[in-house]
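[1] Sequence unavailable; structure follows:
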């Protein structure tokens, strides 16, 4: 559904104000809701330019991480594999893939040589040959240490496992299926030129646009507000044909906190995590010389924001920059847009053998309701509240169900029957539920 008129007006005003105070030539922001780009606001353009590209920098890492997870789902790797298993001989092979994805492996931030973002890149073999053991600068899991180098290594590993270069794999597995047709390895007209703004003269210096080569998986890509909006929608609710929803849930789970004092920021598997009040946003920020970008999504409401600026710095609330602006913009949209309540619809009657499992059950004086929805048993705690527990059949064994959510995620529910086969209890992770709220023990 489209945004409310007052939300559109608020977004336009926030973009205009951020552009006026930010000292960036162009600022573009898009709002995604329910899988579609609902509104685009621009400032600094004489007229909107369809398909205008910006460099997205480290938002590229979210796609590299998705590639790694797709290979994991295919059984080609495990997240707790040490890197040397897939890059034999590397001197930095003693960290796990999970640690690399979550910036918890203690790997130094940058590769050797010139600053890779502002220099022509080297090929993968040259990149790997320059590594030394001291590039693991900290004990793994000592804490958060952001590493571009980690994603160069992950990209090299992906290419080895997939049998083709990172760019081709990304196009086949994600860019093509999701119709990200204007998300490209190199810039393609029309694209915004990127600048550094002089700190007190307001003059512009155009920045070079180098091919990052081996470091491309860390920050190479170019995209548009339309394409990156599709990627934000995918991160909010993935297409199962492209990546399993459970896999994306795993990517959004915290690996490490980057803000140990306030617990407001952390990192999952390739995704940044931010807490704003009671809301948690997922996504990533990005920068390359001349460009800034941000993507943030609120998964429960399927709402997201993407934004670009064609300058290397942006003034916004002291040090918030474009990243802080993007999070504020998403918060402002959510404050003004009520979450649509799903309409109630009657469901099909469950199979006859399921009916004896439904209804009211009790455990230790606490009431629970068991229902049936979409082939799943749904156990709703009524006394203490909380997330409903969803269960699906656990293999061919009758009367055994596996939990998918809440406190019972991964736990087993076993149906207990008497000698005549009648259902008398539900054994949920050894907690025995009965029809009697006050059973004799």
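    Nice, thanks for sending it over. Remember, predicted model here, so these are calculated numbers, not experimental data. Numbers count the residues shown, from 1 in each chain.

[2] Tell me how the protein divides into domains.
    Domain ranges of the chain: 5-336, 355-433, per automatic domain parsing.

[3] Average pLDDT for the last one, rounded please.
    If I follow you right, that is domain 355-433. Across domain 355-433, pLDDT averages out at 93.

[4] Could you identify which of the domains of the chain is most buried?
    domain 5-336 (a mean of 19; mean count of other C-beta atoms under 10 Å). For every residue, glycine as well, the C-beta is placed using N, CA and C.

[5] outside of the longest helix along the chain, which residues touch it?
    The single longest helix within the chain, with elements called by DSSP state H, is helix 5-22. For helix 5-22, contacts defined as C-beta atoms under 8 Å, 6 or more residues apart in numbering pick out 3, 27, 29, 31, 39, 41-44, 309, 311, 314-316, 322, 325, 328-329, 332-333, 336-337.

[6] switch the cut-off to 6 Å
    Contacts to helix 5-22, defined as C-beta atoms under 6 Å, 6 or more residues apart in numbering, come from residues 27, 29, 39, 41, 43-44, 314-316, 325, 329, 332-333, 336-337.

[7] now, which of those residues sits nearest residue 91?
    residue 314 (38.1 Å; C-beta to C-beta).

[8] How confident was the prediction at residue 141?
    66.

[9] Parallel or antiparallel, list what pairs with the longest strand seen in the chain.
    Using DSSP state E to define each element, the chain has its longest strand at strand 279-288. Strand pairing for strand 279-288, using DSSP bridges, gives strand 272-276 (antiparallel), strand 291-298 (antiparallel).

[10] Quick one: residues in contact with the first one.
    With C-beta under 6 Å, 6+ apart as the test, strand 272-276 has contacts from 254, 264, 265, 266, 281, 282, 284, 327, 331.

[11] same thing but 8 Å
    Residues outside strand 272-276 that contact it (C-beta under 8 Å, 6+ apart): 252, 254, 263-267, 280-285, 296, 327, 331.

[12] if I look at residue 256, how far off is residue 144?
    Remark: distance between residue 256 and residue 144 (C-beta to C-beta, to the nearest Å) = 5 Å.

[13] nope, residue 122 is what I was after
    Distance from residue 122 to residue 144, counting by C-beta to C-beta: 28 Å.

[14] Can you tell me the closest non-neighbouring residue to residue 414?
    Of all residues not flanking residue 414 in the chain, residue 427 sits nearest, at 4.3 Å (C-beta to C-beta, 6 or more residues apart in numbering).

[15] If you count contacts, what does whichever strand or helix holds the one you found end up packed against?
    Residue 427 is part of strand 423-428, with elements assigned from DSSP states H and E. For strand 423-428, the elements it packs on are strand 412-417, strand 431-433, judged by 3 or more C-beta pairs under 8 Å, 6 or more residues apart in numbering; DSSP states H and E.

[16] Pairing partners for the first one, with directions?
    It refers to strand 412-417. strand 400-403 (antiparallel), strand 423-428 (antiparallel).

[17] contact partners of stretch 109-128?
    Residues from elsewhere that reach stretch 109-128 (C-beta under 8 Å, 6+ apart): 87, 90, 130-132, 135, 145-149, 152, 155-156, 159, 207-208, 210-216, 219, 288-289.

[18] which ones among those are found in helices?
    Among the contacts of stretch 109-128, DSSP H puts 148, 149, 152, 155, 156, 159, 216, 219 in helices.

[19] pLDDT at the closest residue to the first one other than its chain neighbours, what is it?
    Same thing as residue 148. Taking C-beta to C-beta, 6+ apart, and ignoring the residues beside it in sequence, residue 148 has residue 218 as its nearest neighbour in space, at 4.4 Å. Residue 218 is assigned 97 on the pLDDT scale.

[20] isn't residue 218 right next to residue 59, touching?
    No: contact criterion C-beta atoms under 8 Å: residue 218 and residue 59 do not qualify, at 10.7 Å.

[21] how about the helices in the protein?
    Secondary structure of the chain by DSSP H: the helices cover 5-22, 60-73, 97-101, 124-129, 148-162, 166-170, 216-219, 225-236, 245-251, 321-336.

[22] Using a markdown table, please lay out these together with distance to residue 183.
    As requested, the helices of the chain are exported to a markdown table (distance: least, C-beta to C-beta, whole Å):
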| stretch | distance to residue 183 |
| --- | --- |
| helix 5-22 | 22 |
| helix 60-73 | 9 |
| helix 97-101 | 21 |
| helix 124-129 | 22 |
| helix 148-162 | 16 |
| helix 166-170 | 9 |
| helix 216-219 | 13 |
| helix 225-236 | 5 |
| helix 245-251 | 18 |
| helix 321-336 | 18 |
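
[23] Tell me which of these sits nearest to residue 180.
    helix 225-236 (4.4 Å).

[24] got the angle between that closest one and helix 321-336?
    70 degrees (axes from the mean of the first three to the mean of the last three C-alpha atoms, to 10 degrees).

[25] quick one: average confidence on helix 225-236?
    Across helix 225-236, the per-residue pLDDT values average to 98.

[26] Output the contacting helices and strands for that helix.
    Using 3+ C-beta pairs under 8 Å, 6+ apart: helix 225-236 touches strand 27-33, strand 36-43, helix 60-73, strand 279-288, strand 291-298, strand 303-309.

[27] Find the nearest non-adjacent residue to residue 300, please.
    residue 339 (7.5 Å).

[28] Okay, that neighbour and residue 208: tell me how far apart.
    Residue 339 sits at a distance of 44 Å from residue 208 (criterion: C-beta to C-beta).

[29] Ok, which of the strands paired with strand 279-288 comes nearest residue 232?
    strand 291-298 (5.0 Å).
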